[in-house]
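Visitor: Using only what follows, build the 3D model:
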Amino acid sequence: MKIDVSETGGCVIVRLGERRLDHEISAKFRDTVLERARSLQHVLVLDLSAVEFIDSSGLGAIIGLRKRLGWSIRIVLAGLRSPVYRVFELATVTSIFTFYTSVEAALGHMGVAPNADAAPPQEPNRASGD
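Guide: Down below sits the predicted model:
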């Protein structure tokens, strides 16, 4: 399973690099996210932009994250393709997640720069009178 986990600005970002979130990887996906989100305090961003197909077990894994992490953690789903978003609509669970078109849009809406944990760029030294 291709998965990348990073942290920025207090958010844990999980990028799933698989075309399918189905019965073959859903349990491992859920367990990996739970393990990495242990220290999470506020926001979990799931980047599902590579996912073209999700079945009921994939949906169940994401709903399971919502249940196991509790309501104090905001779960953001980013980059969903129309067919994947449609599964969430059909299951009538769109109200328990926040959706954004991309990770960048989600972070921007929350006021977090995509690489907020990196050192800010240094201003060049300028002589007075410039």
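Visitor: so where's the chain shaky on pLDDT?
Guide: Within the chain, the stretches with pLDDT under 70 are 113-130.
Visitor: Mind jotting down where the strands sit in it?
Guide: 3-8, 11-16, 20-21, 43-47, 53-54, 74-78, 98-100 (DSSP state E).
Visitor: Each with direction, which strands does the third one pair with?
Guide: Same thing as strand 20-21. Strand 20-21 has its sheet partners listed here by DSSP bridges as strand 53-54 (parallel).
Visitor: which residues are contacting the partner strand?
Guide: Arg19, Arg20, Leu21, Asp22, Leu48, Pro83, Val84, Val87 (CB atoms under 8 Å, 6 or more residues apart in numbering). All C-beta atoms are positioned from the backbone trio N, CA, C, and that covers glycine.
Visitor: Kindly report the same for stretch 93-113.
Guide: With CB under 8 Å, 6+ apart as the contact definition, stretch 93-113 has outside contacts at 8-11, 13, 15, 43, 45, 47, 49, 59, 62-63, 66, 74-80, 85, 88, 114, 116.
Visitor: Would you indicate which residues of it are buried?
Guide: Phe97, Thr98, Tyr100, Val103, Ala106, Leu107, Met110, Val112 (16 or more other CB atoms under 10 Å).
Visitor: Repeat that for stretch 56-76.
Guide: 57-65, 69, 73-76.
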